[in-house]
Every structure is written in structure tokens, then in C-alpha cells.
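Q: sharing a sequence plus its predicted fold:
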Amino acid sequence: MNILVTGANGQLGHEIQLAAQKSKKDQYIFTDVCEGYEKLDITSLEAVEAMVKEKDVKCIINCAAWTNVDKAETAGDLVETLNAVAPENLAKAMKAVGGLLVHISTDYVFGGDPYNTPCREDQKGTPTGVYGLTKLHGEQKIQAVGGNYLIFRTAWLYSEFGHNFVKTMLNLTATKPQLKVVFDQAGTPTYAGDLADLIFQVVENREYEGKTGIYHFSNEGVCSWYDFTKMIALLSGHTDCDIEPCHSDEFPSPVKRPAYSVLDKTKVKETFGVKLPYWLDSLKKCLNNMNELKK
């Protein structure tokens, strides 16, 4: 089967590239807007359909999105185009050929209502900003198209590739004598490599038959951004930095972040028979991989 991966230069896209090397039956086509990849304008249905036909694509893994949460507030129609219209195009192209769309969504579809229990897939979306709203629209458009699709909502994604919280905190805790990090936002850090491995397993083993729907995926456990930073610093030996907890309102933002965005993973574990790693174990794995890349 020929599999098209969009947004291949991003965090998850890079991890999918690593996972794809293990495939014994499928061929992967990696696309992005930057150099080194095949170009594909996913905002154009005609362009998507043309590549699907040319490459005989039967599965699309969509890792492309507008992900800058703050800048989404002032970026205009482009955010909706990338996060909602483009996934709709991909869904239409796959439905036309009886293929599968694997789409990545986010915990930011929640956040508007106060709650303190893990969010389930059937919980009503209450996004607080443009990013979350457009990602929710993307989910809804895929569902409206129908066909075979798997939507994986994830949270606090990081990896050894691209720009992410772990890399930022590694730099700050190594160079700053003191750091303030919010403690009143709780969630679950998610190693992109773990999500990529699940997607690869589901596609490679054809486990998606009859399982169309939305699934939550993150690592296990819960922590605040403060706890996360403390562990990043501790595991990296950056113990000279004094890390202090603070409230979210000490860092004004255009967007109100979800105060509690822990995802309930019961459905994904039961449906695909997977055991999800604890967030701290995956953080250690990612940091080790970062060290290997430096050698």
C-alpha cells in the first residue's frame, strides 16, 4: 500500500519517517512545503486528488497543521484553511478511493468548561481560541465527509525534532539562573515517537478495519508544566537553575489555555490492545535519543 504523509518535516512527521523504516509491506511518500520533500498543496482538493491518483495512494497520515496557538489569533483565514479545509480535502480524496485518513487533532478542542476528570472522546468540544476551534472544525469536516478515518487527539507533544517545550526548557535551564513555570495547567506530556509507533502499528497491521472514529492518545499520568520542567532539568543535570512555580496570569497570552486537559485513553487502549508508556519513562527515552543524535 502506498501511504502519503503530510507535514513530514514536523515533530510527528519525523517520527513517522523513523517508524516507516520498519515497514515490510508499505511504501511511504513524505511531503512538506520545505526543501527535501515532495511538494503538495493540501489546501487544494485538485492537487490532493492528482497526487493520490498519480501515486496510487490508499492511506494518508496528516501531520500538517497550523500549530502556533498565539499567532493563530491574528493570522486570519489561513488557520481555518490549514486546520479544517485541508483535512476535509484529504478525507474526500481518501473516501473517493476507499482509502484511510489518519488525522492528528489536539486537546485544545477542550478547555472552555471547568472540569477535573480526564476528557473522553464524546465530550463536547469547548475550545477557547482560534487554534482549538479550527482543529475542532477539521474533525467535524472529516466526520461529515465520512469514509474510513482515524482521528487521534493528542496533547503536549514533544520529540527530539523541531521546536517544542522540552527543547526550550533544556536551553533555558542550562542558561538561566532562575526560571518561572506555570503550575496551574495540568496535562500529560506526549512523546511523538510513541504516537508514531501506534500509528505505524495500526496501519502496518491493518488494524483500522471497522474502527473509524476519534481516539485520545497521550502518555500515561498527569503533571503541570512546572513538574514537567523540573524533571527535564533533573534528568539533564541542569540543577543550577532555580525553577519556581507561578500562576498562568503571570504570563499574559492571547489565548486562555486549558487548565486541565488530561485525555482519557481507555478507548484507544481497548480498541487496539496497546499499553501506553508513562510520561516520565518516555521523557527519559527522548532525552537519550537527543544525546545519541549529538554524537
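A: Received it, and whenever you're ready, just let me know what you need.
Q: buried sites along stretch 152-170?
A: Neighbour counts over stretch 152-170 (16 or more other Cβ atoms under 10 Å) mark 152-162, 164-167, 169-170 as buried. C-beta coordinates here come from the backbone N, C-alpha and C atoms, glycine included.
Q: now the terminal residues of it, how far apart.
A: Taking Cα to Cα, to the nearest Å, stretch 152-170 runs 28 Å from one end to the other.
Q: how distant is it from the center of its chain?
A: 9 Å (Cα atoms, centre = their mean, to the nearest Å).
Q: and what of stretch 11-18?
A: Centre-to-centre, stretch 11-18 and its host chain are 11 Å apart (Cα atoms, centre = their mean).
Q: cool, and stretch 158-173?
A: Chain-centre distance of stretch 158-173: 15 Å, with Cα atoms, centre = their mean.
Q: over to stretch 37-44?
A: Relative to the mean C-alpha coordinate of its chain, stretch 37-44 is positioned 19 Å out (Cα atoms, centre = their mean).
Q: ditto for stretch 208-227
A: Going by Cα atoms, centre = their mean, where stretch 208-227 is centred and where its chain is centred differ by 10 Å.
Q: could you do stretch 59-73 as well?
A: Worked out by Cα atoms, centre = their mean, stretch 59-73 lies 9 Å from the chain centre.
Q: going forward, begin numbering at 10 instead of 1
A: Yes, from this point I'll number from 10; that puts the last item at stretch 68-82.
Q: related to what we said a few turns ago, show me the buried residues of stretch 161-179 that map onto strands.
A: If you go by DSSP state E, the buried residues of stretch 161-179 have 161-163, 166-167 in strands.
Q: of all those residues, which comes closest to residue 122?
A: Minimum distance to residue 122 across those is 16.3 Å, recorded for residue 162 (Cβ to Cβ).
Q: residue contacts, the closest residue to that closest one other than its chain neighbours?
A: Excluding the flanking residues, the one nearest residue 162 by Cβ to Cβ, 6 or more residues apart in numbering is residue 114, at 4.5 Å. Residues in contact with residue 114 (Cβ atoms under 8 Å, 6 or more residues apart in numbering) are 144-145, 147-148, 160-163, 223.
Q: what about residue 97, distance to residue 150?
A: 4 Å (Cβ to Cβ, to the nearest Å).
Q: number of residues surrounding residue 200?
A: 27 (other Cβ atoms under 10 Å).
Q: go on, residue 90?
A: Residue 90: 15 surrounding residues under other Cβ under 10 Å.
Q: ok, it touching residue 53?
A: No. Using Cβ atoms under 8 Å, residue 90 makes no contact with residue 53, being 10.2 Å away.
Q: thinking again about what came up before, which of the ones in strands among the buried residues of stretch 161-179 sits closest to residue 134?
A: residue 162 (9.9 Å).
Q: okay, and the beta partners of that closest one?
A: On the basis of DSSP bridges, residue 162 is bridged to residue 114, residue 225.
Q: now for it: which residues touch it?
A: Counting by Cβ under 8 Å, 6+ apart, residue 162 has contacts 114-116, 118, 130, 223-226, 272.
Q: per-residue pLDDT, it?
A: On pLDDT, residue 162 comes in at 98.
Q: quick revisit: could you dump the contacts of residue 114 to a markdown table with distance to residue 184?
A: Output for the contacts of residue 114, formatted as a markdown table (distance: Cβ to Cβ, whole Å):
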| residue | distance to residue 184 |
| --- | --- |
| 144 | 33 |
| 145 | 37 |
| 147 | 37 |
| 148 | 39 |
| 160 | 39 |
| 161 | 35 |
| 162 | 34 |
| 163 | 29 |
| 223 | 40 |
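Q: just the pLDDT at residue 260, thanks.
A: Predicted confidence (pLDDT) for residue 260: 86.
Q: so it touches residue 191, yeah?
A: Yes. Between residue 260 and residue 191 there is a contact under Cβ under 8 Å: 6.6 Å.
Q: higher neighbour count, these two?
A: Between residue 260 and residue 191, counting by other Cβ under 10 Å, residue 191 is the more crowded of the two (19 against 11).
Q: phi, psi of that one?
A: With angles defined as degrees, to the nearest 10, residue 191 sits at phi -70, psi 140.
Q: distance of it from residue 54?
A: Noted for residue 191: a distance of 41 Å to residue 54, by Cβ to Cβ.
Q: tell me where this protein has helices.
A: Secondary structure of the chain, counting by DSSP state H: helices at 20-29, 54-64, 86-89, 95-105, 139-154, 174-184, 201-213, 234-245, 275-281, 288-303.
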